[in-house]
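K.L.:
Build me a model:
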Amino acid sequence: MNHPFDEANASLTGAQLVVQQLDPQFNDSIPAGNIVSLNPPSGTKVPRGSTVQIVVSKGPDTVAVPSVVGQTLDQAKATLQSVGLTVGGVAGPLAKPVVATSPPANTPAPLGTAVSLLLG
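P.N.:
Residues are numbered from 1 along each chain as shown. The predicted model follows:
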């Protein structure tokens, strides 16, 4: 596992096995395009012509950081949480609205990412 699909496909077809690619899955630790799982597992002896099912990683599940500029801290927190992100550090006067975020709006970020807010 965690090998590129093309490499595994070439090895398996070279061993006269049939590759069946199943639906890709999000995976936080295996890069996109690499193998998440094999069925039967790697190292299992099977007859030639057998089918090996492969699940490929889509990489981590990501969302675009929403624009929260102009929102209060509480509004920004609710907006970020609604898409699966959290508030990281907060800088600036708490009574002022958000003027910037890090990462910036529209940047793809893995679910659970902490977004820092600058108030001003």
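K.L.:
domains for the chain, by residue range?
P.N.:
Taking automatic domain parsing as the criterion, the chain consists of the domains 5-56, 62-119.
K.L.:
and Asn106, how many neighbours?
P.N.:
The local packing count at Asn106 equals 9, with neighbours defined by other CB atoms under 10 Å. For glycine as for every other residue, the C-beta is placed from the backbone atoms N, C-alpha and C.
K.L.:
and Leu12, that's in a strand?
P.N.:
No. Using DSSP: H, G, I helix; E, B strand; the rest coil, the assignment for Leu12 is helix, not a strand.
K.L.:
Check what pLDDT it gets.
P.N.:
Looking at Leu12, its pLDDT stands at 94.
K.L.:
what sits against it?
P.N.:
Neighbour list for Leu12: Val19, Val52 [criterion: CB atoms under 8 Å, 6 or more residues apart in numbering].
K.L.:
got it, and Pro24?
P.N.:
The neighbours of Pro24, taking CB under 8 Å, 6+ apart as the test, are Val55, Val56, Ser57, Lys58.
K.L.:
in this structure, which spans are strands?
P.N.:
Secondary structure of the chain (DSSP state E): strands located at 18-21, 35-39, 51-56, 62-64, 86-91, 98-102, 108-110, 114-119.
K.L.:
quick one on the thing from earlier: make a markdown table out of the contacts of Pro24 and add pLDDT and neighbour count.
P.N.:
As requested, those are arranged in a markdown table below (pLDDT from 0 to 100; neighbours: other CB atoms under 10 Å):
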| residue | pLDDT | neighbour count |
| --- | --- | --- |
| Val55 | 97 | 19 |
| Val56 | 97 | 21 |
| Ser57 | 96 | 22 |
| Lys58 | 95 | 17 |
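K.L.:
Thanks a lot, see you next time.
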